[in-house]
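1. Build me a structure from this.
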Amino acid sequence: MKLWILFTLAAALAQTWRTALQQRLRAELSVNATAFVRFAFGIPFGLALLAAAIAFEGTLPSPPTPAFLLDCALAGALQIIGTNLLILAFGFRSFAVGSAYAKTEGLQTALLAWAIAGETLHPIAWAGILLGAAGVLILSLAGERLGWRGLLRATFQPAALCGLGTGACFALVSVLIKWANLALHGPHPILQALYALVVTNTFQTLMQGGFMAWREPASLVSALRRWRRTMWVGALSAWGSGCWFSAFALAPVGLVRSLGQMEVPIILLFSHFYLKERLKGSDALGLFTVAAGVVLVLLGAQG
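-> Residues are numbered from 1 along each chain as shown. As a prediction, the model looks like this:
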């Protein structure tokens, strides 16, 4: 199995776990504080991963270039904006619609990487990306009973537009991190990816931390005081983002993000086998469709 596939699956698992921990923190912290701990407490764990990579490779990463720093800063800002758009989508009381359109990030990433980065994919991979996006829509909209006409009308609702904006932001983040990695011209792509992780998290901590110090100082203090609990969000965030960034460095970002949609069926299967929640017919159809899409993506990656 190729290394980028292992990194992507590990990233999807870590992201699912991190999100679950953040959901628990929402009862104690504000939205901004819950997001802030992901970046701030991710820095020490990111540094630990970077130090391990330096020790393993026996070399330091290349000095940062202006292009590298700019790409990391823009990626960090867009990730914050995308997260806020997703929260806005939920606020419009269309959780399923907003989530469904946000999960089109795999398709949006592939299209964006093709349009502005010149990444080319095998036709089989494109078929898998489209099939996977359809499966995610089926899973995310389960219970809404939206036909294709209803789905088309829902596209112009605020929740859907915010969801599409979320997917677009995360697609741009993937491309920018890829560019940041290439801008270093360093000795090893994974070492460069972990370096980009630490720099991006630092920019995000300064941006969101600065905003909170200005607008929500009490929330900032509350987040820092709960470090014994919030540090685990940072640890999972660093691990997940490190795996994402490494996968971006080793493979086309469209393939990585499309395979990463496996997190959706992982969540669903967890709810069924661990929480004993009942699967619906549409859930089974969605799982089969996503799985078929992933198989095609992997076949296309071999082509």
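
2. which SSE is the nearest residue to Ser62 once chain neighbours are set aside in?
-> Distances taken as CB to CB, 6 or more residues apart in numbering put Gly186 closest to Ser62, at 4.0 Å, once the chain neighbours are dropped. Where C-beta positions appear, they are placed from N, C-alpha and C, glycine not excepted. Under the criterion of DSSP states H and E, Gly186 resides outside all helices and strands.

3. could you measure Gly186 against Ser222, distance?
-> For Gly186, the distance to Ser222 equals 39 Å [CB to CB, to the nearest Å].

4. same check, this time on Trp17
-> Here Trp17 is placed at a distance of 23 Å from Ser222 (CB to CB).

5. Between the two, which has more neighbouring residues?
-> Trp17 (19 against 15; other CB atoms under 10 Å).

6. Please name the nearest non-neighbouring residue to that one.
-> By the measure of CB to CB, 6+ apart, the closest residue to Trp17 outside its immediate chain neighbours is Leu236, 5.4 Å from it.

7. For the one you found, pull up the helix or strand it's in.
-> Taking DSSP H and E as the criterion, Leu236 maps to helix 227-250.

8. residue ranges with poor pLDDT in the stretch 51-200 of the chain?
-> Counting by pLDDT under 70, the stretch 51-200 of the chain shows low-confidence ranges at 87, 89-100, 139-157, 159.

9. now what about stretch 288-301, what contacts it?
-> Outside stretch 288-301, the residues that touch it by CB atoms under 8 Å, 6 or more residues apart in numbering are 2, 5, 121-136, 138-139, 251, 255, 258-259, 261-262, 264-265.

10. Now do the helix or strand hosting Ala12: distance to the chain's middle.
-> Following DSSP H and E, one finds Ala12 within helix 3-25. Relative to its chain's centre, helix 3-25 lies at 9 Å (CA atoms, centre = their mean, to the nearest Å).

11. And for the protein, the residue most distant from the center?
-> Summary for the chain: using CA atoms, centre = their mean, the residue whose C-alpha lies farthest from the chain's mean C-alpha position is Gly58, with a distance of 29.9 Å.

12. Please report the distance of that one from Pro187.
-> Counting by CB to CB, the gap from Gly58 to Pro187 is 9 Å.

13. do the same with Phe68
-> Going from Phe68 to Pro187 by CB to CB gives 15 Å.

14. higher neighbour count, the two?
-> For Phe68 against Pro187, the residue with the higher neighbour count under other CB under 10 Å is Phe68, and the figures read 24 against 13.

15. who's in contact with that one?
-> By CB under 8 Å, 6+ apart, Phe68 lies in contact with 180, 183-184, 196, 199.

16. most surrounded residue in the residues you listed?
-> Among these, the one with the most neighbours (other CB under 10 Å) is Ala196, at 33 neighbours.

17. how about that one, what does it touch?
-> Counting by CB under 8 Å, 6+ apart, Ala196 has contacts 68, 71-72, 177, 180-181, 184, 245.

18. Count the neighbours of Val31 for me.
-> Using other CB under 10 Å as the criterion, Val31 is surrounded by 15 other residues.

19. can you check Val233 too?
-> Burial measure for Val233: 26 neighbouring residues, criterion other CB under 10 Å.

20. distance of it from Pro66?
-> Relative to Pro66, Val233 is positioned 31 Å away (criterion: CB to CB).

21. sorry, back to before: select, from the contacts of Phe68, the two members most distant in space.
-> The span of these, defined through CB to CB, is set by Ala183 and Val199 at 11.3 Å.

22. For the residue nearest to Tyr101 when sequence neighbours are not counted, give its distance to Gly240.
-> The shortest distance from Tyr101 to any non-neighbouring residue, by CB to CB, 6+ apart, is to Gly163 (3.1 Å). Note on Gly163: its distance to Gly240, by CB to CB, is 21 Å.

23. Where does pLDDT dip in the stretch 201-303 of the chain?
-> 266-283, 302-303.

24. returning to that earlier point: my read is that the residue nearest to Tyr101 contacts Leu88, right?
-> No. At 9.4 Å, Gly163 does not count as touching Leu88 under the criterion of CB atoms under 8 Å.

25. Looking at those two, which is more packed in?
-> Neighbours were counted for Gly163 and for Leu88 using other CB under 10 Å; Gly163 has more, 32 against 17.

26. Report all helices and strands that the helix or strand Ile138 falls within contacts.
-> Secondary-structure assignment from DSSP H and E places Ile138 in helix 123-140. Counting by 3 or more CB pairs under 8 Å, 6 or more residues apart in numbering; DSSP states H and E, the packing neighbours recorded for helix 123-140 are helix 95-102, helix 105-116, helix 253-259, helix 263-273, helix 281-302.
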